[in-house]
Structures are given as structure tokens and as C-alpha cells.
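1. Return atomic coordinates for the entry below.
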Amino acid sequence: VQLVESGGGLVQPGGSLRLSCAASGFTFSNYFMSWYRQAPGKERESVASITNTGGSTYYADSVKGRFTISRDNAKNTVYLQMNSLKFEDTAVYYCNARSPSGLANYWGQGTQVTVST
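-> Numbering: from 1, shown residues only. This next block holds a predicted model:
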């Protein structure tokens, strides 16, 4: 099983980034996918989630209206479009896959997002 995030980097406040997470080794289209983040000295927090079909999405209050999660089951990839980035969005962003039963739970290695002038 692999989850490989990409797309992180350094961006100015107000800018945009698009994160990608390429999955392999499991039946991607069956899994609930999420993005989490962890800032220095803070606990990991959920940012956005999407159901296996993409029919429903969920967002943390702090990112609603700015971030959009989506998935392409044909490409085994989940995305996080981040707009209007703020200093407080700086964190390592992790991709997570959870099976319908909840018994399988996979994590990527993370990608750094830094919002700075």
C-alpha cells in the first residue's frame, strides 16, 4: 500500500496550491479519503474528507470556502485545492485512506506547505 503526496511548497499569503495523493495497493474506489495537517507543536487535525464515490465532502471550519477536496477514481488520486492561503495554513499535509469497515487505515508520508512572505 502506498499513498504518495505531492504539490506542497512555499506560497505567499493569498496564493494557491493543489496537493495530489496517488494511491496504490488497495481498491481506491472503496475507500473514504481525507487530508489532515499538522503544524509544529500542534496535533494532527482533519482538513477535508470525501466519500468513496465523491458524492459527499466534509471540511474543517477553518478551511471552508477556501479548500476543495476531489478525487479521480480512474486515476486512484485524491486532490486538495487550496486557495486564499493564510499563514496559519502552514503545516505538513497528510493523505489518509480508510476502509469502509474502518479496519484499514493508511497514511502518506506528508508534504510540507509553507505560507510566508
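2. what bridges to the most centrally placed residue in the chain?
-> Nearest to the mean C-alpha position of the chain, counting by CA atoms, centre = their mean, stands residue 35 at 2.7 Å. As for beta bridges, residue 35 partners with residue 48, residue 95 under DSSP bridges.
3. Need the per-residue pLDDT for it.
-> Looking at residue 35, its pLDDT stands at 98.
4. likewise the one 5 residues further on?
-> The predicted structure scores residue 40 at 92 on the pLDDT scale.
5. cool, residue 110 as well?
-> For residue 110, the model assigns a pLDDT of 97.
6. And for it, the neighbour number?
-> Residue 110: 18 surrounding residues under other CB atoms under 10 Å. For glycine as for every other residue, the C-beta is placed from the backbone atoms N, C-alpha and C.
7. in which helix or strand would I find the nearest residue to it once chain neighbours are set aside?
-> In space, residue 110 comes closest to residue 92 once its chain neighbours are excluded; the distance is 4.3 Å by CB to CB, 6 or more residues apart in numbering. Per DSSP states H and E, residue 92 falls inside strand 91-98.
8. And residue 101, by the same measure?
-> Using DSSP H and E, residue 101 falls outside every helix and strand.
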